[in-house]
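K.L.:
I would like the atomic coordinates for the input below:
(3 chains)
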Amino acid sequence: MQNTEVGKSYLDGLNDIQRMAVTTINGPVMVIAGPGSGKTRVLTFRIAHLLKSGVPPYQILALTFTNKAAREMKDRIETVAGGDAYKVWAGTFHSIFARILRVEAHKIGYPNDFSIYDTDDSKSVIKEIIKSLSLDPKVYNVGAIRSRISSAKSNLITPKMYPGNEELMEQDKMNRRPMTFKIYEKYVAKCKRAGAMDFDDLLLQMFRLLYQNPENVRAKYQAQFKYLMVDEFQDTNFLQYEILKLFVIYDGSEQNVCIVGDDAQSIYSFRGATIENILQFESDFPEVKTYKLEQNYRSTSYIVKAANEVITYNEKQIKKEIWTDKEEGHKIKIIKGMTDGEEGKMVADSIIEHKNRHSLANKDIAILYRTNAQSRVFEEHLRRSNIAYKIYGGLSFYQRKEIKDMVAYMRLATNYKDDEALKRVINYPKRGIGATTITKLTDLANDNEVSMWQCLNQIELKPRAKQSVGKFISIVKASQEKAQTMDAYQTALFIAKRSGIVDGFKAENNIEAQNRLENINALLDGIQEFVEDDVLDEGEDINKQERTLTNFLQTISLMTDQDKDVDNVDTVTLLSVHAAKGLEYKAVFVVGMEENLFPSYMSLAAPDQLDEERRLFYVAITRAEEFLTLSYANSRYQYGQMRFNDPSRFLEEISDDNIEASISITKKPQFGTPKILGKFKPIGSASKQKALTIDPKDFKPNDKSEIKVGQTVLHMNFGHGEVLSIDARKVATIRFPNLHENAEKRIMLDYARLQIVEEN
DNA sequence: GTAGTCACTATTTGA
DNA sequence: TAGTGACTAC
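P.N.:
Predicted coordinates:
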């Protein structure tokens, strides 16, 4: 195809290197894209360019890591290319593969309606296995085993191969978990029996599907996907790369594959991502053309310089230096607090200052931290300063109990073998099926190596239990029938009623039940929307598959809370550095810049991991467009006790030229100062401060006997609240206006620490 | 079978 | 500290 035939206007906005990366569409291409270098632009324009060059959209496969990135890409392609751009196969690895597996799964022995097990489901399965093998659950830590299994899968090590791998076996022995291989074996068998795939399976089974079916499957998809693109390639693991190769490397392949990534932003090695893939790519595709995008369009020069300085401390890296032609801008600010509380206050104050002085909106501002647990202090001070904020991370909608319960019923309706779903709701709402019955059931299922559902009719039970089980069976059967005859919304509505979940909440009739009910309604609304989307037709996304219940379940299980629609409320954003990747803000606060925290203490021993922390810091600072503030505290509460940390080594890696002069870093820790925190604080100053902030040292809880109805009290976490009632068991209902609208909490006076602020 | 209590433990990131 | 899971008492 000649460029001249193609409308050129969209290429005009690109710099030379970007344009090369966009227009080199034949053969393998590698784009190393520094932060803010227009990576997404290149990807989308490249796809647009393919389309305009006459490539049919369904021949293009673009893989990303997050739904958000995929959606953004799709939206932008449509703007640039229009037409049937939505037919491009763009999505996350997991969602694209799930989509293919829905069609092909039966060829590798799974039902096409397979369930998708989330992390909780996997853990629950593993837990049961550990128990059944009579292993000590303290030694055999569920989380550790799960990640062990996950990484085995990601490296294509099957349960059969595992015991033969000396390195793995040796590691397990050292960790006193020599039976890990056995758990792995049972885990895989159990998931298979349940007709379920976990997240890793979506990749692994995709690989198996292609690998084992060279003629009738692999060839088909090789022929279909003529142009492949992978975003954030540095985050791919071994398995993902192997799948990519199955798509691209074969006799007669044109090898039109383009990977985009930045080794300096590789921050997911803990979950199996390996930079090796980038190096490997160069040797697997010797013809590769490499383009380095080094011009940064995002940040002002002090920030760019600081980023470059920091990253040079890492030894392993693809040589590159980002640069900008933007003005120098503002130097980087460093804030130091005595305590984490003070750090929070200072950051909140600084945010106000930024807003006033530089007329920034809330949404221009983000607070980035290493661990989600750090968000609390900042929430508190933002709330006190009346700054609207939102937090990424934490419990997402689909992780709420009532939602998971509903989803479990829906899963059973589409895949009766789904043991995890069955266990979740067999006695929910309570219908008198107790531990004894469930144990019998699991034992029988395990002994016969079938799903629990298949045993339901066969276990011998006392009449009462039998009746209860019968009730459950009839609910599920009825739901299954509905699922086959009605649409997803009708089915869900039916389940909500027939299961008794809705009635249960209605009967409870308190605020919490009310909330849960609302959540269920929100879920139902969501399903309805999902169903009706179909009617709109000429839709936008490729996930416009049939609007079945199965597909709805798939969509939500692959969704994360970062996929929540970003509503247009003007709020400050609080999020972990990991979650911030790919985002940008005018003003960024990177907080908790302390040794043992950032870098995390888990990383200090291993140089590799320390490098990853540094890349993480690199990602953090390059999120900032104009203002970058780094903060730390001399002491902070961690795990319920006061800890003292040195300022982060990363702070010293930025040269003074780029840092605002007024504050210099205390290089030596000052252990002496905060030792006797709060003990001798004059009483007068306490009341003055308390309206703005709760410092632990100003918090003087009253005895539970003094708490009375009508008082205004102060709670360390929830702030001010009004005591509405106290019942006989000394449980107080307190309304905390600061939490969210009319949030009422039931607080046990025996345990809570409350300070009386006003008598009434 | 359930609710309530107690003790323990985990402390990183997330699809 | 807070969240969870096991245990105990009804």
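K.L.:
Closest approach to DNA strand B from the stretch 1-150 of chain A, which residue is it?
P.N.:
Closest residue of the stretch 1-150 of chain A to DNA strand B, CB to the nearest atom of the strand: A:Thr119 (4.5 Å). Where you see a C-beta, it was placed from the backbone N, CA and C, and this is true even at glycine.
K.L.:
Give the full set of residues in contact with that residue.
P.N.:
A:Thr119 makes contact with A:146, A:198-199 under the criterion CB atoms under 8 Å, 6 or more residues apart in numbering.
K.L.:
Could you export the residues you listed as CSV, including neighbour count, secondary structure and pLDDT?
P.N.:
CSV is the format used below for the contacts of A:Thr119 (neighbours: other CB atoms under 10 Å; DSSP: H, G, I helix; E, B strand; the rest coil; pLDDT from 0 to 100):
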residue, neighbour count, secondary structure, pLDDT
A:Arg146, 20, helix, 89
A:Asp198, 24, strand, 93
A:Phe199, 19, helix, 92
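K.L.:
and the gap between the residue of chain A most remote from its centre and A:Ile267?
P.N.:
Going by CA atoms, centre = their mean, the residue of chain A most distant from its centre is A:Pro463, 45.9 Å out. To A:Ile267, A:Pro463 is 58 Å away according to CB to CB, to the nearest Å.
K.L.:
Kindly report the same for A:Ala579.
P.N.:
With distances taken as CB to CB, A:Ala579 is found 11 Å from A:Ile267.
K.L.:
repeat for A:Leu239
P.N.:
Plainly put, A:Leu239 is 19 Å away from A:Ile267 if you go by CB to CB.
K.L.:
for A:Pro137, same thing?
P.N.:
31 Å.
K.L.:
Which one's more surrounded, those two?
P.N.:
A:Ile267 (21 against 10; other CB atoms under 10 Å).
K.L.:
residues contacting the more buried one?
P.N.:
A:235, A:577-578, A:581, A:612, A:615-616, A:619.
K.L.:
pLDDT at the one residue in chain A that gets nearest to DNA strand C, what is it?
P.N.:
Closest to DNA strand C within chain A is A:Gly640: 2.6 Å, counting by CB to the nearest atom of the strand. What the model reports as pLDDT for A:Gly640 is 74.
K.L.:
That one - how many residues pack around it?
P.N.:
5.
K.L.:
What of A:Tyr291?
P.N.:
The number of residues near A:Tyr291, taken as other CB under 10 Å, comes to 21.
K.L.:
Next one: A:Asp611 from A:Cys258, what distance?
P.N.:
Distance from A:Asp611 to A:Cys258, by CB to CB: 27 Å.
K.L.:
Neighbour count for these two, which is higher?
P.N.:
A:Cys258 (28 against 20).
K.L.:
wait, is that one part of a strand?
P.N.:
Yes: remark: A:Cys258 belongs to a strand, assigned using DSSP: H, G, I helix; E, B strand; the rest coil.
K.L.:
Going by secondary structure, the closest residue to A:Arg46 other than its chain neighbours is in what exactly?
P.N.:
Nearest residue to A:Arg46, sequence neighbours excluded (CB to CB, 6 or more residues apart in numbering): A:Val22, at 4.7 Å. Assigned by DSSP states H and E, A:Val22 belongs to helix A:16-23.
K.L.:
Show me what that helix packs onto, helices and strands only.
P.N.:
Packed against helix A:16-23 by the contact rule (3 or more CB pairs under 8 Å, 6 or more residues apart in numbering; DSSP states H and E) you find helix A:9-12, helix A:39-52, strand A:289-293.
K.L.:
count of residues packed around the residue nearest to A:Met169 when sequence neighbours are not counted?
P.N.:
Setting aside the residues directly before and after it, A:Met169 is nearest to A:Pro163 in space (CB to CB, 6+ apart), at 6.4 Å. For A:Pro163, the neighbour count with other CB under 10 Å is 16.
K.L.:
from what I can see A:Pro163 touches A:Asp172, true?
P.N.:
No: using CB atoms under 8 Å, A:Pro163 is not in contact with A:Asp172; the gap is 9.8 Å.
K.L.:
Count the neighbours of A:Gly109 for me.
P.N.:
Other residues close to A:Gly109 by other CB under 10 Å number 10.
K.L.:
What distance do you get for the residue nearest to it when sequence neighbours are not counted to DNA strand B?
P.N.:
Nearest residue to A:Gly109 in three dimensions, chain neighbours excluded: A:Lys192, at 7.3 Å (CB to CB, 6+ apart). Applying CB to the nearest atom of the strand, to the nearest Å, the value for A:Lys192 to DNA strand B is 19 Å.
K.L.:
what's the strand or helix carrying A:Lys192 in contact with?
P.N.:
Assessed by DSSP H and E, A:Lys192 sits inside helix A:180-193. Counting contacts by CB under 8 Å, 6+ apart, the residues outside helix A:180-193 that touch it are A:109-110, A:117, A:122, A:125-126, A:128-130, A:132-133, A:135, A:140, A:145, A:148-149, A:152, A:158-160, A:162-163, A:168-169, A:172, A:197-198, A:201, A:417, A:419, A:449-451.
K.L.:
For stretch A:462-478, buried residues please.
P.N.:
For stretch A:462-478, a neighbour-count test (16 or more other CB atoms under 10 Å) marks A:465, A:468-469, A:472, A:475-476 as buried.
K.L.:
Please list all residues in contact with the one residue in chain A that gets nearest to DNA strand B.
P.N.:
Here chain A gets closest to DNA strand B at one residue, A:Gly434, 2.3 Å apart by CB to the nearest atom of the strand. Applying CB under 8 Å, 6+ apart, we find A:Gly434 in contact with A:427, A:465.
K.L.:
Could you report the pLDDT at it?
P.N.:
78.
K.L.:
same question, A:Pro599
P.N.:
90.
K.L.:
now swap in A:Glu660 and tell me
P.N.:
Looking at A:Glu660, its pLDDT reads 88.
K.L.:
residues near it, how many?
P.N.:
Here the number of neighbours of A:Glu660 (other CB under 10 Å) works out to 14.
K.L.:
What about DNA strand B: which of the contacts of A:Ile267 touch it?
P.N.:
A:His578 (CB under 7 Å from any atom of the strand).
K.L.:
Show me which residues of the stretch 301-450 of chain A sit near DNA strand B.
P.N.:
Checking the stretch 301-450 of chain A against DNA strand B by CB under 7 Å from any atom of the strand, the hits are A:370-373, A:393, A:427, A:430, A:432-437.
K.L.:
same thing but 10 Å
P.N.:
A:369-375, A:392-394, A:396, A:427-439 (CB under 10 Å from any atom of the strand).
K.L.:
Quick one: list the elements packing against the longest helix along chain A.
P.N.:
The longest helix of chain A (DSSP state H) is helix A:511-536. In terms of contact count using 3+ CB pairs under 8 Å, 6+ apart, helix A:511-536 is assigned the packing partners helix A:401-414, helix A:488-498, helix A:501-508, helix A:549-557.
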